[in-house]
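Visitor: sequence first, predicted model second:
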Amino acid sequence: MSRYPEPIIRATDFFNKDDFKVEFGVYVKNFKGDREELVLINDGTADLTFTAGGIKNFKLKPGETFDEEMHPFSRLEVTATGAFRGYTRERADSPN
């Protein structure tokens with residue numbers, strides 16, 4: 001056990017498909033500042049793919065959830081025909 005407290009992590013930037021702009025058939029969301037944790041849930045009936053940070057074209061099957069810490073990103077791109085939702089997380093002391 002560390003003598004230093006674990007950082008407090010908070011959920012931010014809750015989103016669903018309606019919160020994205022569509023650019024050339026791809027759903028795009030730009031965040032204010034870098035994010036380092038992403039939760040993305042595929043509520044549709046077909047695969048979706050997404051790109052964020054160092055992750056390119058990650059496939060998420062229907063009903064699956066992606067929940068990972070990753071390289072900083074400020075843009076999320078999703079290619080999907082069905083519904084999806086999610087949020088980002090950050091440290092409580094983050095400047096974002």
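Guide: Cool, the structure landed.

Visitor: mind listing the strands in this structure by residue range?
Guide: 9-16, 21-23, 26-42, 48-52, 55-60, 65-79, 84-91 (DSSP state E).

Visitor: which of those sits most buried?
Guide: Comparing the strands of the chain by mean neighbour count (mean count of other Cβ atoms under 10 Å), strand 48-52 comes out on top with a mean of 21. Using the backbone N, CA and C atoms, a C-beta is placed for each residue, glycine as well.

Visitor: now do that one: distance to the chain's middle.
Guide: In terms of Cα atoms, centre = their mean, to the nearest Å, the centre of strand 48-52 is set 9 Å apart from its chain centre.

Visitor: partner strands of that strand, parallel or antiparallel?
Guide: The strands beside strand 48-52 in its sheet (DSSP bridges) come out as strand 55-60 (antiparallel), strand 65-79 (antiparallel).

Visitor: output the first one as PDB, nothing but the C-alphas.
Guide: Once side chains and other backbone atoms are set aside, the C-alpha atoms of strand 55-60 remain, and they are given as PDB (Å, rounded to 0.1, in the frame of the first residue of the first chain):
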ATOM      1  CA  ILE A  55      -5.700   3.600 -31.100                       C
ATOM      2  CA  LYS A  56      -6.700   3.400 -34.700                       C
ATOM      3  CA  ASN A  57      -9.800   1.600 -36.100                       C
ATOM      4  CA  PHE A  58     -10.500  -0.400 -33.000                       C
ATOM      5  CA  LYS A  59     -13.500  -2.700 -33.600                       C
ATOM      6  CA  LEU A  60     -16.200  -2.900 -30.900                       C
END
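
Visitor: what's the average pLDDT for it?
Guide: Strand 55-60 shows an average pLDDT of 96 in the prediction.
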